[in-house]
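1. Predicted model, plus sequence, below.
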Amino acid sequence: MIHNATNVNGQSGVLARRIAEAEQGFNRLMDFLPSDIKPCPFVGFDISEPTENTSPLLGWSYDWSDKGDNPPPWSDWSDKEE
Amino acid sequence: MKNTSFFSHIVLQPTTLCNLNCRYCYLPDRDKVDVMTKEVTTAIAESITTTEQPVCLVWHGGEPLATGIRTFQELIQPFRGLYEKKLVHHNIQTNGTLINQQWCDFFKEWDFQIGVSLDGNELHNQERVTITGVPAFRKIMHGIELLKQNDILFSIIATVNPKNIDSPSAFYNFFTSLGCASLNINIEEKEGFNRESLGLESEKVQHFWHELFLVWRENPVIKIREIDMTLGYIYATLKGGQRNSGAKKHYGRGFWPTIAFNGDMVVLSPEFVSVDESDRQQFVVGNVLKKPLYQLVVEAQNAWYVKKFFEGVRECKNSCAYYEFCGGGQASNKYFELGDINRTETTHCRNSRKAVMDAVLDSFIQLRETVAIEGGE
């Protein structure tokens, strides 16, 4: 099930629809992957422009809603919660 | 959205020198012996002292170990107090050929995270050679062996090039037997000094990712950064992670301030310290010997190329189906390949973002179709 429905009609909707088609294969893989190899939900690359009151943002975001394990090695140890 | 630190990561160039002469290298000054001074690292350390957030120092190069162990030990001393307070963390990217016991002791003392550059087995690694053209494979493997003997974890950055692109299975199997913690894959690209890159055919790149994903899926024993991110994005999309902002964690890299050996600073892409000398100055936003790092990063927000970069990102957002996965591309790729930073899609986008996502999704969709056919028979 695709949750980011607001994107379905936009540019990213094209990708979202293909991801929906891939759901069954993805779930089969997740059932099979060892826990230390399973991916963390990766929300995407965050980029935001600096404004008068904010610093620029260039980084990676992960959804941590049900994950208590360590981040992947290429993420940063100095994490910040949003 | 909560702000990230202005410099959660700082890339340092302790020397421009490299003892290798890899065919695809983008560094024009790798034969010059320019070495960072302690004044520069002292200035950086003083800037970090004023921050509240821990900072990851990424020692890059040139080949950082070509600095020499004694000089490196001097350069790192200003960070001693910060390290003990856990305000800095060290990461180094090395070609591995100069690693000896002294370096291993040093890495352990400062708890370095190690990345070794290696493209695969002896055949696959042929593009990585010494200045005299001798293959570097055995020296690299000797360095890796020392890391293992000292129980020092290491990851690998492998560059996909004409020597290994046709053998994804052997490529992956080699790294699974190497004992690395993870594998990061770069696709050779036209960048910096490497403007004459042969370039890799897009069909071959797509085939590489497709086959690599299949062989990884059969034996998933190490994480491959690009596949992990792709699966992670699919995972987040399917489970609604993008809507669950309360549980989102951000791993910010900030502006990627990169400090050259002489204290000059560039932002956005470390590769900008490595453009031809005649073009380099346009990317330098200041020098840490003259202004605090924090101030330089604040001022860099108004640099011409930062503004152009965000123009391009806005256009990426409007035009690319992969934007939310990719985030708008790399400034250095846009400059080196397309000639300007406010542009959109590059070969890097196609080869290292889109092609991976396509390979993984196509594989899943084919699997579903196969299951459906088998189920119908």
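-> Received it, and whenever you're ready, just let me know what you need. Numbers count the residues shown, from 1 in each chain, chains lettered A, B, ... in the order given.

2. residues touching the closest residue to chain B within chain A, list them.
-> Closest approach between chain A and chain B, counting by CB to the nearest CB: A:Phe45, at 2.5 Å. Every residue, glycine included, has its C-beta placed from N, CA and C. A:Phe45 is in contact with A:58-61, B:325-328, counting by CB atoms under 8 Å, 6 or more residues apart in numbering or on different chains.

3. If you count contacts, what does the lengthiest helix in chain B end up packed against?
-> If you go by DSSP state H, chain B has its longest helix at helix B:355-376. Counting contacts by 3 or more CB pairs under 8 Å, 6 or more residues apart in numbering or on different chains; DSSP states H and E, helix B:355-376 is packed against helix A:11-21, helix A:23-32, helix B:202-218, helix B:225-239.

4. Would you mark the buried spots in the host helix or strand of B:Gln73?
-> Using DSSP states H and E, B:Gln73 maps to helix B:69-76. Residues of helix B:69-76 classed as buried by neighbour count (16 or more other CB atoms under 10 Å in any protein chain shown): B:71-72, B:75-76.

5. Does the next helix or strand after that helix reach chain A?
-> Later in the chain than helix B:69-76, the nearest helix or strand by DSSP H and E is helix B:80-84. No - legend: contact between helix B:80-84 and chain A by CB under 8 Å from any CB of the partner chain is lacking; minimum distance shown is 12.9 Å.

6. State the next helix or strand along the chain beyond helix B:80-84.
-> Next helix or strand after helix B:80-84 toward the C-terminus (DSSP H and E): strand B:88-94.

7. just to revisit the earlier point, which elements pack onto the helix holding B:Gln73?
-> Applying 3+ CB pairs under 8 Å, 6+ apart, one finds that helix B:69-76 makes contact with helix B:38-49, helix B:101-110.

8. In a markdown table: the buried residues of helix B:69-76, plus pLDDT.
-> Listed next are the buried residues of helix B:69-76 as a markdown table, based on pLDDT from 0 to 100:
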| residue | pLDDT |
| --- | --- |
| B:Thr71 | 97 |
| B:Phe72 | 98 |
| B:Leu75 | 98 |
| B:Ile76 | 98 |
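
9. and the closest residue to B:Val33 other than its chain neighbours, what pLDDT?
-> Nearest residue to B:Val33 in three dimensions, chain neighbours excluded: B:Leu17, at 5.1 Å (CB to CB, 6 or more residues apart in numbering or on different chains). pLDDT, B:Leu17: 92.

10. so how many other residues sit close to the spatially closest residue to B:Phe364 that is not a sequence neighbour?
-> Leaving aside its sequence neighbours, B:Phe364 sits nearest to A:Gly25 (CB to CB, 6+ apart; 2.9 Å). By other CB atoms under 10 Å in any protein chain shown, 23 other residues sit near A:Gly25.

11. can you pull the contacts of A:Gly25?
-> B:363-368.

12. quick one on the thing from earlier: highest mean neighbour count out of the helices and strands packed on helix B:355-376?
-> Most buried of those, by mean neighbour count (mean count of other CB atoms under 10 Å in any protein chain shown): helix B:225-239, with a mean of 24.

13. and the angle from it to helix A:23-32?
-> Counting by axes from the mean of the first three to the mean of the last three CA atoms, to 10 degrees, helix B:225-239 lies at 120 degrees to helix A:23-32.

14. re earlier: residues making contact with the helix holding B:Gln73?
-> B:14, B:35-38, B:41, B:64-65, B:67, B:90, B:102-103, B:106, B:110.

15. how far is that helix from where the chain is centred?
-> A distance of 23 Å separates the centroid of the chain from that of helix B:69-76, by CA atoms, centre = their mean, to the nearest Å.

16. what about dumping the CA coordinates of that helix to PDB?
-> The C-alpha trace of helix B:69-76 is given here as PDB (Å, rounded to 0.1, in the frame of the first residue of the first chain):
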ATOM      1  CA  ILE B  69      52.600   9.600  10.300                       C
ATOM      2  CA  ARG B  70      54.600  12.200  12.200                       C
ATOM      3  CA  THR B  71      53.100  15.200  10.400                       C
ATOM      4  CA  PHE B  72      49.600  13.600  10.700                       C
ATOM      5  CA  GLN B  73      50.100  13.100  14.400                       C
ATOM      6  CA  GLU B  74      51.000  16.800  14.700                       C
ATOM      7  CA  LEU B  75      48.000  17.900  12.600                       C
ATOM      8  CA  ILE B  76      45.500  15.900  14.700                       C
END
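
17. Report the buried residues of the host helix or strand of B:Leu146.
-> According to DSSP H and E, B:Leu146 maps onto helix B:137-149. Buried residues in helix B:137-149, defined by neighbour count with 16+ other CB under 10 Å: B:137, B:139-141, B:143-144, B:146-147.

18. just stretch B:45-59 next, same as before
-> Along stretch B:45-59, these residues count as buried under the neighbour rule (16+ other CB under 10 Å): B:45, B:47-48, B:51, B:54-59.

19. What's the end-to-end length of that stretch?
-> End-to-end distance for stretch B:45-59, by CA to CA, to the nearest Å: 14 Å.

20. show me which of the buried residues of stretch B:45-59 neighbour chain A.
-> B:54-56.

21. any idea which of these is closest to chain A?
-> For these, the residue nearest chain A by CB to the nearest CB is B:Pro54; the value is 4.6 Å.

22. returning to what we had before: dump the contacts of A:Phe45 to TSV, plus pLDDT, distance to B:Lys86 and secondary structure.
-> Shown next, in TSV, are the contacts of A:Phe45 (pLDDT from 0 to 100; distance: CB to CB, whole Å; DSSP: H, G, I helix; E, B strand; the rest coil):
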residue	pLDDT	distance to B:Lys86	secondary structure
A:Leu58	73	23	strand
A:Gly59	71	20	strand
A:Trp60	72	22	strand
A:Ser61	72	23	strand
B:Phe325	89	33	helix
B:Cys326	87	33	helix
B:Gly327	85	29	coil
B:Gly328	88	32	coil
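
23. Make a ChimeraX selection of the buried ones in the residues you listed.
-> Buried members of these, defined by 16+ other CB under 10 Å, are picked up in ChimeraX with:
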select /A:58,59,60,61 /B:325,326,327,328
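
24. Nearest to B:Leu293 among the contacts of A:Phe45?
-> Distances from B:Leu293 to these, taken as CB to CB, are shortest for A:Leu58 (16.6 Å).

25. how near is that closest one to B:Leu338?
-> A:Leu58 is 19 Å from B:Leu338, where distance means CB to CB, to the nearest Å.

26. Equivalent analysis for B:Cys349, please.
-> Applying CB to CB to B:Cys349 and B:Leu338 gives a distance of 11 Å.

27. Kindly report the same for A:Trp60.
-> Separation of A:Trp60 from B:Leu338 (CB to CB) stands at 24 Å.

28. What of A:Arg28?
-> For A:Arg28, the distance to B:Leu338 - CB to CB - is 40 Å.

29. now swap in B:Val134 and tell me
-> According to CB to CB, B:Val134 stands 36 Å off from B:Leu338.

30. Likewise for B:Ile227?
-> From B:Ile227 to B:Leu338 the distance is 27 Å (CB to CB).

31. Tell me which residues touch B:Pro135, please.
-> Contacts for B:Pro135 (CB under 8 Å, 6+ apart) come out as B:122, B:125-126, B:128-129.
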